[in-house]
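A.B. asks: all I have is the shape, not the residue letters:
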């Protein structure tokens, strides 16, 4: 069974939005046959439309559809130009496919590197002995190889055919990538008795759009089917790269692409019932799947001890917390995200290790046995991409978790893979997407939006004394709530105290942390409190002036929105509230050159509010910063306003206090 799209199938939604924007140009010169390379491309020094690129996709040509025997295939030919040594990593190729039960397989792979030597192309073919197949899990594999003789100026190219044994496995096509792409073309050819739903994200005008139909037949005798084969070409040119940007969602959410979902088949003019054109049908497939639904009731070794203990607790909240902590602390996540099990829950429990589905299905099983109303759920992590609710396709999910409705609009999303995840806090990397929960007993399968409504707080309290010799001796108390707590604990435990201290110092060699103590590390319900003693050399000070910046040890260290332009929407994940309060004793023979002004900044829609309040009395400076971010996301069209607001806010956060010798 295909574990990405299961037995999903059968409705083609019109492609009007792209067709209407298309600029038909059948004369567009895009690609050459395999091995034929223009000298001009070998001499090319940079990308014409993205000068600082280290490499460029010269062309990426794909053709996908069904042959007369209704076998599905993708033929692909890709060519990349390497401009400099920093682009050489693009010569490491990885082609993933679904290998379980030979669902997909790759053949006809050819690969070669072309260099310009003495004014002529020199070809170095890839030795097929250097191609190896990596087994990712029982359902997925990858062909992996590195191109030979790659240097600055090289062109690499490869081509292959991917065959599928499933009608439903129609491949996605990405016109855009991390590299600029000079030309990308996708040809599809499908019978008119098949209906598809299309999920397309294309922002540029198509340089090529054409569609034609020709008569075909399939089968023999009384089983002969006459139909039309619909062939469509779509192409984009000069597609910019998509860089990583602060607070962007997954690349898959933002790349220009087209995805097809087979939703209906009408052989011989008779409509065939669809089986994945609704989430209810997708949920039903999951419920019956051997590596999902069939795992939910499997008995675990010595489970009675945990179940008996859980049942002895008074409330569901206590039961959930207990079992969540037991599974989280005893099971080791292997770093693999799947909605399906690989070894199965019984074996994973014995090994005390497994993928995300195995760990969380174990948690679901124990909760159910302890009489807690819980449901298995499939979700998509932020790295994998947001779930498109109208695109009822199982491959949008990549992790299994547990959904526990608590009544009065309250619910828990439990994920025991993260060692610092909390039972009553939806994990950050699942926010602002959707989950599909499975209630097989009542045949109810529904989509739930995953989000947090309350702002997440961080409070920094600073106390210090500025000395005559230009030093600041003080202590800080950092209280981190919710995701701030999880992030700090993760970093502290993974990096160790020394590296974590360097992080707090923000690599400032003038700042010395003499001690660091953490409180509430084992109590999920309380904020993580970090107590820091420090000394800071106030560099830049002289015999007449002392300078220092009160914004220390906060999460607001550097402006994440320095770029004038942005290509993706902003998704903060959740609302935020930052408070920084400082109290500083000033040296007796110095005075404030100027007291920082009290300031209030607001976004035009008041979705972000920044306040600075300062006062001075009896040789003490008190200063408070408050940032309340009420919006979770912004479209990139709003970015100029966000950019300007953050520029002003960080100027005020990092404005120096100036003390003048009296």
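C.D. replies: Yes, it's here. The model shown is predicted, which means the values in this text are computed figures rather than measured ones.

A.B. asks: list the contacts for the closest residue to residue 367 other than its chain neighbours?
C.D. replies: In space, residue 367 comes closest to residue 374 once its chain neighbours are excluded; the distance is 4.2 Å by C-beta to C-beta, 6 or more residues apart in numbering. All C-beta atoms are positioned from the backbone trio N, CA, C, and that covers glycine. Counting by C-beta atoms under 8 Å, 6 or more residues apart in numbering, residue 374 makes contact with 364, 367, 368, 402, 403, 404, 414.

A.B. asks: need those residues in CSV (columns: neighbour count and distance to residue 627).
C.D. replies: Listed next are the contacts of residue 374 as CSV, based on neighbours: other C-beta atoms under 10 Å; distance: C-beta to C-beta, whole Å:
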residue, neighbour count, distance to residue 627
364, 28, 39
367, 24, 38
368, 17, 43
402, 29, 34
403, 24, 33
404, 23, 33
414, 26, 31
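
A.B. asks: sort out for me which of the residues you listed are in helices.
C.D. replies: Those of the contacts of residue 374 mapping onto helices are 364, 367, 368, per DSSP state H.

A.B. asks: make CSV out of those residues and add distance to residue 598.
C.D. replies: Formatted as CSV, the ones in helices among the contacts of residue 374 follow (distance: C-beta to C-beta, whole Å):
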residue, distance to residue 598
364, 53
367, 52
368, 56
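
A.B. asks: backbone dihedrals for residue 356, please?
C.D. replies: phi -60, psi -40 (degrees, to the nearest 10).

A.B. asks: with residue 232 instead?
C.D. replies: phi -130, psi 130.

A.B. asks: so it versus residue 276, what's the distance?
C.D. replies: Per C-beta to C-beta, to the nearest Å, residue 232 is found 23 Å from residue 276.

A.B. asks: who's more crowded, the two?
C.D. replies: The neighbour count for residue 232 versus residue 276, taken as other C-beta atoms under 10 Å, is higher for residue 276 (26 against 19).

A.B. asks: surely that one and residue 286 touch.
C.D. replies: No: with contact defined as C-beta atoms under 8 Å, residue 276 does not reach residue 286; the gap is 10.9 Å.

A.B. asks: what segments of this structure are helices?
C.D. replies: 16-21, 39-42, 251-254, 279-288, 303-311, 316-330, 345-351, 356-369, 482-505, 639-653.

A.B. asks: now the first one: average pLDDT?
C.D. replies: Read that as helix 16-21. Helix 16-21 shows a mean pLDDT of 41.

A.B. asks: which intervals of this structure have sub-threshold pLDDT?
C.D. replies: For the chain, the stretches flagged by pLDDT under 70 are 1-29, 267-275.

A.B. asks: quick check, central residue of it?
C.D. replies: Centroid check for the chain by C-alpha atoms, centre = their mean gives residue 383 as the closest residue, at 1.5 Å.

A.B. asks: nearest residue to it in space, please, no chain neighbours.
C.D. replies: Nearest one to residue 383, counting by C-beta to C-beta, 6+ apart, is residue 250 at 5.6 Å.

A.B. asks: around the one you found, how many other residues sit close by?
C.D. replies: Residue 250: 17 neighbours (other C-beta under 10 Å).

A.B. asks: from here on, count from 278
C.D. replies: Happy to do that; since the first residue is 278 now, the last one works out to residue 527.

A.B. asks: what about it, distance to residue 515?
C.D. replies: Taking C-beta to C-beta, one finds residue 527 at 24 Å from residue 515.

A.B. asks: same check, this time on residue 592
C.D. replies: 61 Å.

A.B. asks: and those two? Which one has more around it.
C.D. replies: More crowded of residue 592 and residue 515, by other C-beta under 10 Å: residue 515, with 14 against 8.

A.B. asks: OK, contacts around the more buried one?
C.D. replies: By C-beta under 8 Å, 6+ apart, the neighbours of residue 515 are 325, 326, 457, 458, 459, 481.

A.B. asks: relative to residue 344, how far out is the residue nearest to residue 346 when sequence neighbours are not counted?
C.D. replies: Leaving aside its sequence neighbours, residue 346 sits nearest to residue 495 (C-beta to C-beta, 6+ apart; 7.9 Å). In this view, residue 495 and residue 344 are 10 Å apart by C-beta to C-beta.

A.B. asks: mind checking which of those two has more residues around it?
C.D. replies: residue 495 (18 against 12).

A.B. asks: doesn't residue 501 make contact with the more buried one?
C.D. replies: Yes: the criterion here is C-beta under 8 Å, and residue 495 meets it with residue 501 at 7.4 Å.

A.B. asks: quick check: bridge partners of residue 351?
C.D. replies: Beta-bridge pairing for residue 351 (DSSP bridges): residue 341, residue 439.

A.B. asks: residue 581 versus that one, what's the distance?
C.D. replies: 50 Å.

A.B. asks: these two - which one has more neighbours?
C.D. replies: residue 351 (22 against 11).

A.B. asks: what ranges do the strands span in the stretch 278-427 of the chain?
C.D. replies: 332-343, 349-359, 369-375, 381-394, 397-402, 409-412, 417-423 (DSSP state E, counting those that start in this stretch).

A.B. asks: what's the angle from the first one to strand 349-359?
C.D. replies: Note on geometry: by axes from the mean of the first three to the mean of the last three C-alpha atoms, to 10 degrees, strand 332-343 and strand 349-359 are set 170 degrees apart in direction.

A.B. asks: please compute how far strand 332-343 lies from its chain's middle.
C.D. replies: 24 Å (C-alpha atoms, centre = their mean, to the nearest Å).

A.B. asks: next one: the fifth one
C.D. replies: With C-alpha atoms, centre = their mean as the basis, the distance from the averaged C-alpha position of strand 397-402 to the chain average is 39 Å.

A.B. asks: now for it, which elements pack on it?
C.D. replies: The contact analysis (3 or more C-beta pairs under 8 Å, 6 or more residues apart in numbering; DSSP states H and E) places strand 397-402 against strand 381-394.

A.B. asks: what ranges do the strands span in the stretch 628-777 of the chain?
C.D. replies: Under DSSP E, counting those that start in this stretch, the stretch 628-777 of the chain gives strands at 630-631, 652-656, 676-684, 687-691, 710-716, 721-727, 733-744, 748-757.

A.B. asks: of those strands, which is nearest residue 417?
C.D. replies: strand 676-684 (15.0 Å; C-beta to C-beta).

A.B. asks: and that closest one, what other elements does it pack with?
C.D. replies: By 3+ C-beta pairs under 8 Å, 6+ apart, strand 676-684 packs against helix 593-607, helix 633-646, strand 652-656, strand 687-691, strand 710-716.

A.B. asks: of these, flag the one that's most buried.
C.D. replies: Counting by mean count of other C-beta atoms under 10 Å, strand 652-656 has the highest mean neighbour count of these, with a mean of 28.

A.B. asks: nice, that's everything, thank you.
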